[in-house]
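Engineer: need a 3D model of the following:
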Amino acid sequence: MSTLQPLAYIHPSAKIADNVVIDPFVTIAADVEIGEGSHLCSHSVIMDGARIGRNCTIFPGAVIAGIPQDLKFRGEKTLAIIGDNTVIRECVTVNRGTASKGQTVVGANCLIMAYSHVAHDTIVGNNVIIANSSQLAGEVIVDDFAVVGGGSLVHQFCHIGAHVMLQGGSLVNKDVPPYVKAGRDPLAYAGINSIGLRRRGFTSETIREIQETYRYIFQSNLNVSSAIERIEAELPATKERDEILLFVRNSRRGIIKGYC
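Structural biologist: Residues are numbered from 1 along each chain as shown. Sure, this is the predicted structure:
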């Protein structure tokens, strides 16, 4: 450890790699692992069960691996995992898992903005942005490259698909399938996240194919089962088409509504 800060509390059992910067008044518990090049800012708290990757930055007031806010938790040994190159801004809380999944995960290259909460057993993918004051309840899934607008509230067990753009202040109580924009109140499909997809290298043809798939689901006056049958019969199989159909079929809470 390159910075041994005398004003920080670091349990001697904590496993801290080389080149980690630890500012004054940081607290690090015993069952903690921190990867090379990470920076723990003043007044951050890293509790038992934290596994922090390489080149992460944890800003002041953040608490990683706090005990779950779940009455079923019985003190079992669980984890809160933060992937490489992820930034955790001020006063973010990431609770560790329960017996349900055993871990809470925030992936690599994520930005979790100030005052957000990631509850027990939630799985956040890679390259995800969660904007200020968003609250993810227990066992939520947020897939790669999703953007959760500020002040959003996500109900437990909801699933937000890859490349989704979610309007700020959203109340999410249904699953949001991949590649879409979602907004309004109640939350509804608001088109394809075409700008985000272009930025990530999706071709115009692929975006058009995604849009056509969702036309059946959200704009054809078909129920979901009938829309899936029509898609499989009338649209060519592609990686994106099949990913959408798999997501919809596996939805536990049902997907969001079409245009309001």
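Engineer: quick one: the helices in this protein, in order.
Structural biologist: Secondary structure of the chain by DSSP state H: the helices cover 194-199, 204-218, 224-234, 239-250.
Engineer: and the residue positioned nearest the centre of the chain, bridged to which residues?
Structural biologist: When Cα atoms, centre = their mean is applied to the chain, the residue found nearest the centroid is residue 124 (2.8 Å). The partner list for residue 124 in beta bridges (DSSP bridges) reads residue 106, residue 142.
Engineer: which residues touch it?
Structural biologist: Contacts for residue 124 were tallied using Cβ atoms under 8 Å, 6 or more residues apart in numbering; they are 105-107, 110, 112, 118, 130, 136, 142. C-beta here means a position set from N, CA and C on the backbone, and glycine is covered the same way.
Engineer: list just the nearest of these to residue 28.
Structural biologist: Residue 28 has its nearest neighbour among the contacts of residue 124 in residue 106, at 18.0 Å by Cβ to Cβ.
Engineer: circling back: next, format the contacts of residue 124 as TSV and append distance to residue 184, pLDDT and neighbour count.
Structural biologist: As requested, the contacts of residue 124 are arranged in TSV below (distance: Cβ to Cβ, whole Å; pLDDT from 0 to 100; neighbours: other Cβ atoms under 10 Å):
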residue	distance to residue 184	pLDDT	neighbour count
105	30	98	20
106	28	99	28
107	28	98	21
110	26	99	25
112	25	99	29
118	25	99	30
130	20	98	28
136	20	98	29
142	20	98	30
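Engineer: which of these lies closest to residue 162?
Structural biologist: Comparing every one of the contacts of residue 124 with residue 162 (Cβ to Cβ), the shortest separation belongs to residue 142, at 9.1 Å.
Engineer: can you give me the first-to-last residue distance of stretch 139-157?
Structural biologist: For stretch 139-157, the first and last residues are 5 Å from each other (Cα to Cα, to the nearest Å).
Engineer: now do that stretch: distance to the chain's middle.
Structural biologist: Offset of stretch 139-157 from its chain centre (Cα atoms, centre = their mean, to the nearest Å): 6 Å.
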